[in-house]
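J.: Return atomic coordinates for the entry below.
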Amino acid sequence: MIRRSGQIVASLFLTLVFAGTACAESAGALKDQLSIMRAPLASDNEFHQQWLEYHSKVSALLVDHNYKVLDKLCCDTLAGDQMLAAGLNRSDYLYSAFVLQGRDFKPLSDGEYQQLIAQLNEWAKQFPKSVHPTVVLATVYDRWAWKARGGGYAETVSQDGWRLMSQREGVANKFAKAAVAAPGSSARAYYLLLKMDKDNGASKEASDKLFKAAVGKFPNYRMFYFARILALQPRWGGAAGEWERFANQSADAVGGVEGDVFYAQLLWYVDKTTWYSDTGIYKLFKVDYARAKRGFEALLAAKPHSLAVISAYCHAAATAADKPTALKLFAKLNGRMDREAWDGEQDYARWRNAVI
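T.: Reported below is the predicted structural model:
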């Protein structure tokens, strides 16, 4: 690595001498290339920071069986819910706090799931008019279903895995539908139903109807769009180009700078899935990098110090072969690595070296 750094410095120095220029742009590029040679340092991202905040509160309240304060935490979070840079809401981090453990997001064991479900039923019993324990139960059963299935390809799943997944998703579906029908309804419950439609290969007509109902009820909740955009990808049965058109049309409906931001968030969501980490979505699909770039620039202007925004934009620029932009963003990261944007340190280093 040290030898490589020396080669870069020497090459750039000679280029500047023979060109006979001392332009600030070239000097800035040299500075950027030197600074990004630092080894990647794992850093907490937006998801991790928000999740840790809620996880500590939720865990303590569950240990104390303090369902009154737990219910109030959910009420207060939803009442003051706000969208963060990636397009997720604070409430999404709250729900995730129930189903993951520890700083490294250790999944729950079957015994821990059973214990948690027993407590959630206690909560629901004590607060029968509250929709919150119902939504959390739907979230927990959905995650438990995927634990039974595992994260591998369909052919790697055992018959027992499929059986348990179907059984647990059936319970999750029941709770989600109950939450949707409750007074005030629940955006999260609609999202879970859309997600389960994708998992179970529901017809496009049925999913379209559910999506329209969800957006009609909660027009500003972007998780609906994230769930829909995955369902329209070829790996889930969508036609070639279908999810790309959906992303453009959804952003067009918003329009202007906000539409560009929305487009960047939609591609950000797809880009961080591990399925496409080797190549990147900007080479694999017919997406508009120029529009995504405008959206990322607007996000960066609004949140200039956000590690999440800088990292997602940097990953997009690197995989789209926009080397000048990626170089500046790697320099801005200064060795920090957002765990959501990069598929580990090797992935970070690989794309960084591609820029150099």
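J.: In the stretch 101-250 of the chain, mark out all the strands, start to finish.
T.: 106-107 (DSSP state E, counting those that start in this stretch).
J.: Any regions of it where pLDDT drops low?
T.: Filtered on pLDDT under 70, the stretch 101-250 of the chain yields the residue ranges 101-105.
J.: What segments of it are helices?
T.: Ranges of helices in the stretch 101-250 of the chain, per DSSP state H, counting those that start in this stretch, are 110-126, 132-149, 159-181, 187-199, 204-217, 223-231, 242-254.
J.: can these go into TSV with extra columns for distance to Asn353?
T.: For every residue, glycine as well, the C-beta is placed using N, CA and C. TSV is the format used below for the helices of the stretch 101-250 of the chain (distance: least, C-beta to C-beta, whole Å):
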stretch	distance to Asn353
helix 110-126	41
helix 132-149	34
helix 159-181	39
helix 187-199	35
helix 204-217	41
helix 223-231	30
helix 242-254	29
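J.: could the ones you listed be laid out in JSON lines, adding mean neighbour count?
T.: Compiled in JSON lines, the helices of the stretch 101-250 of the chain are given as follows (neighbours: other C-beta atoms under 10 Å):
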{"stretch": "helix 110-126", "mean neighbour count": "15"}
{"stretch": "helix 132-149", "mean neighbour count": "23"}
{"stretch": "helix 159-181", "mean neighbour count": "17"}
{"stretch": "helix 187-199", "mean neighbour count": "23"}
{"stretch": "helix 204-217", "mean neighbour count": "15"}
{"stretch": "helix 223-231", "mean neighbour count": "23"}
{"stretch": "helix 242-254", "mean neighbour count": "17"}
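J.: Ala298 is nearest to which of those helices?
T.: helix 242-254 (12.3 Å; C-beta to C-beta).
J.: what's the very next helix or strand once past the closest one in contact with?
T.: Note on helix 242-254: by DSSP states H and E, the next helix or strand toward the C-terminus is helix 256-271. Surrounding helix 256-271, the residues in contact under the criterion C-beta atoms under 8 Å, 6 or more residues apart in numbering are 86-87, 222, 225-226, 229-230, 233, 243, 247-248, 250-254, 276, 280-281, 287-288, 291-296, 298-299, 312-313, 315-316, 319.
J.: Then stretch 207-223?
T.: So stretch 207-223 is contacted by 83, 87-89, 92, 185, 187-188, 190-191, 193-194, 197-198, 224, 228, 231, 262, 265 (C-beta under 8 Å, 6+ apart).
J.: how far does that stretch sit from the chain's center?
T.: Taking C-alpha atoms, centre = their mean, to the nearest Å, one finds the center of stretch 207-223 at 18 Å from the center of the full chain.
J.: now Met337, what's its secondary structure?
T.: Counting by DSSP: H, G, I helix; E, B strand; the rest coil, the backbone at Met337 sits in strand.
J.: Please look at it and Tyr348 and confirm they touch.
T.: Yes - with contacts counted by C-beta atoms under 8 Å, Met337 reaches Tyr348, the gap being 4.9 Å.
J.: So between these two, which is more surrounded?
T.: Tyr348 (27 against 22; other C-beta atoms under 10 Å).
J.: The more buried one touches Arg336, doesn't it?
T.: No - counting by C-beta under 8 Å, Tyr348 stays clear of Arg336, with 9.6 Å between them.
J.: Please report the number of neighbouring residues for Pro324.
T.: 12.
J.: Distance check, it against Gly295.
T.: Per C-beta to C-beta, to the nearest Å, Pro324 is found 18 Å from Gly295.
J.: who touches Val140 in this structure?
T.: Val140 makes contact with 98-99, 113, 116-117, 120, 172 under the criterion C-beta under 8 Å, 6+ apart.
J.: okay, how far is it across stretch 328-342, tip to tip?
T.: Taking C-alpha to C-alpha, to the nearest Å, stretch 328-342 runs 17 Å from one end to the other.
J.: try stretch 60-70
T.: 10 Å.
J.: What of stretch 220-236?
T.: Note: stretch 220-236 ends 25 Å apart using C-alpha to C-alpha.
J.: chain center to it, what's the gap?
T.: Averaging C-alpha positions (C-alpha atoms, centre = their mean) puts stretch 220-236 12 Å from its chain's average.
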